[in-house]
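Trainee: Okay, here's the prediction I keep looking at, along with the sequence it came from:
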Amino acid sequence: MRSLSAAELLTIWEQGSGQPNRHRALLLLAAACPQTSWQQLAQLSLGQRDAQLLSLREQIMGSEIVSVATCPHCGDRLELTLMTDDIRLSAADLPLAVAVAGYQVQFRLPNSEDLAAIADQPDLAIATQHLFQRCLLSVKQLSQPIEAAELPAAVITAILTQMEQADPQADIRLALDCPTCQHQWQVAFDVVTFFWAELNALAQRLLQEVHLLASAYGWHEADILALSPQRRQIYLEMIYG
């Protein structure tokens, strides 16, 4: 995986405008991993994808993560400071199969292609069911093939538990404690959403810098973006006096 230049980040930001997060994630990884095909990236499990995005984010933005959460009990705002290693989780080395009460199921982990396949389904329950069924490779009872709809709740729970343990990076949960009212709760941390919000802020800043330097010196955008951040900042300081 390679880091991305300012010009490349602006291009990705422009291409990803108005696109769903699953597409934005693949745009970033496709640029950072040119040796890997789009299809190969789309077939990474969601946890594998997010782990790579976290590494890319670390290269571009650094290892510190600063965010804000709102307490659902009192409404107070909490500033969160994390390191990327705090949310980098190791997957358990588990077989993607379960055998419970005479049922034998082989499955795979959800990926970006699965998210795309259910994107147009407005009913969350139906979408979740379709996502689950797409990941089932073999479903048997007493060694005889059966339909996925025939699986009892206990077997489904066992499969979901195994999926979670095998791909923990796909669902990051932060335990928060409000210092004002002592309320405790958990909040999901979505690497794609957070990284893209940072990229959006970076793109706006880069475009502002290009505007100022082009107006002052008559330079082209490509030449300005080719400058290091330190040199751009020095020129900007000279403009402001």
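Mentor: Yes, it's here.
Trainee: Next up, the contacts around the residue nearest in space to the middle of the chain.
Mentor: Nearest to the geometric centre of the chain sits V192, at 3.0 Å (Cα atoms, centre = their mean). With contact set as Cβ atoms under 8 Å, 6 or more residues apart in numbering, V192 has these partners: 21-22, 24-25, 50, 53. (Each C-beta comes from the backbone N, C-alpha and C, glycine too.)
Trainee: before we move on, what about Q48?
Mentor: 167, 169.
Trainee: Which helix or which strand is home to V66?
Mentor: strand 64-70 (DSSP states H and E).
Trainee: Show me what counts as buried in that strand.
Mentor: 65, 69 (16 or more other Cβ atoms under 10 Å).
Trainee: what mean pLDDT does it have?
Mentor: Strand 64-70 shows a mean pLDDT of 94 in the predicted model.
Trainee: next one: the host helix or strand of the residue nearest to the centre of the chain to chain centre, how far?
Mentor: Element membership for V192 (DSSP H and E) is helix 191-217. A distance of 20 Å separates the centroid of the chain from that of helix 191-217, by Cα atoms, centre = their mean, to the nearest Å.
Trainee: and the angle from that helix to strand 64-70?
Mentor: 110 degrees (axes from the mean of the first three to the mean of the last three Cα atoms, to 10 degrees).
Trainee: Give me the next element, helix or strand, following helix 191-217.
Mentor: Downstream of helix 191-217, the next assigned helix or strand under DSSP H and E is helix 221-226.
Trainee: Can you name every helix or strand that that following helix contacts?
Mentor: helix 6-16, helix 191-217 (3 or more Cβ pairs under 8 Å, 6 or more residues apart in numbering; DSSP states H and E).
Trainee: Only alpha carbons, please: show the shortest one as PDB.
Mentor: It stands for helix 6-16. C-alpha atoms of helix 6-16 as PDB (Å, rounded to 0.1, in the frame of the first residue of the first chain):
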ATOM      1  CA  ALA A   6      -2.600  15.800  -2.500                       C
ATOM      2  CA  ALA A   7      -3.600  15.800  -6.200                       C
ATOM      3  CA  GLU A   8      -4.700  12.100  -6.000                       C
ATOM      4  CA  LEU A   9      -6.700  12.800  -2.800                       C
ATOM      5  CA  LEU A  10      -8.500  15.700  -4.600                       C
ATOM      6  CA  THR A  11      -9.300  13.400  -7.500                       C
ATOM      7  CA  ILE A  12     -10.700  10.700  -5.200                       C
ATOM      8  CA  TRP A  13     -12.700  13.200  -3.300                       C
ATOM      9  CA  GLU A  14     -14.200  14.500  -6.500                       C
ATOM     10  CA  GLN A  15     -15.000  11.000  -7.800                       C
ATOM     11  CA  GLY A  16     -16.500  10.000  -4.500                       C
END
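Trainee: Run the chain-centre distance for it.
Mentor: On Cα atoms, centre = their mean, the centre of helix 6-16 falls 17 Å from that of its chain.
Trainee: Counting by contacts, list what it packs against.
Mentor: helix 21-32, helix 191-217, helix 221-226.
Trainee: quick one: average pLDDT of the second one?
Mentor: Per-residue confidence for helix 191-217 averages out to 97 on the pLDDT scale.
Trainee: Tell me which of the helices and strands packed on helix 6-16 sits most buried.
Mentor: helix 21-32 (a mean of 20; mean count of other Cβ atoms under 10 Å).
Trainee: Residues contacting that helix, please?
Mentor: 1-4, 8, 11-12, 15-16, 19, 36, 38, 41-42, 49-50, 52-53, 56, 112, 115-116, 119, 190, 192-193, 195-196, 199.
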